[in-house]
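Colleague: sequence? don't have it. structure:
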């Protein structure tokens with residue numbers, strides 16, 4: 001595991017297409033911003049990714065019972 005110290009507004013680059021920015025430091029909390037391609041799943045560790053139902057199983061489930069996709073939020 002690589003451990004880095006960063007100050008507010010400093011960035012960390014992962015490969016060519018992912019940038020993590022330290023947005024705000026407040027007490028024992030850090031607010032970060034993540035710029036990543038849309039095909040990269042960014043998920044908090046405590047949230048396990050839900051398996052996508054196969055096309056066959058979608059036929060058996062009424063559309064009204066499926067969870068809508070979560071909207072993306074971007075901060076200014």
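Modeller: All right, it came through fine. Bear in mind the structure is a predicted one, so any value in this text is a computation, not a measurement.

Colleague: can you list the weak-confidence ranges in this protein?
Modeller: Along the chain, the parts satisfying pLDDT under 70 run over 49-76.

Colleague: List the contacts of the longest strand anywhere in the chain.
Modeller: Taking DSSP state E as the assignment, the strand of the chain that covers the most residues is strand 18-26. Counting contacts by Cβ atoms under 8 Å, 6 or more residues apart in numbering, the residues outside strand 18-26 that touch it are 6-14, 30-37, 40, 75. (Glycine included, C-beta is placed from N, CA and C.)

Colleague: try it again with 7 Å
Modeller: For strand 18-26, contacts defined as Cβ atoms under 7 Å, 6 or more residues apart in numbering pick out 6-14, 30-36, 40.

Colleague: Return the list of strands paired to the helix or strand following it, each annotated with direction.
Modeller: Using DSSP states H and E, the helix or strand that directly follows strand 18-26 along the chain is strand 29-35. For strand 29-35, the pairing partners within the sheet under DSSP bridges are strand 18-26 (antiparallel).
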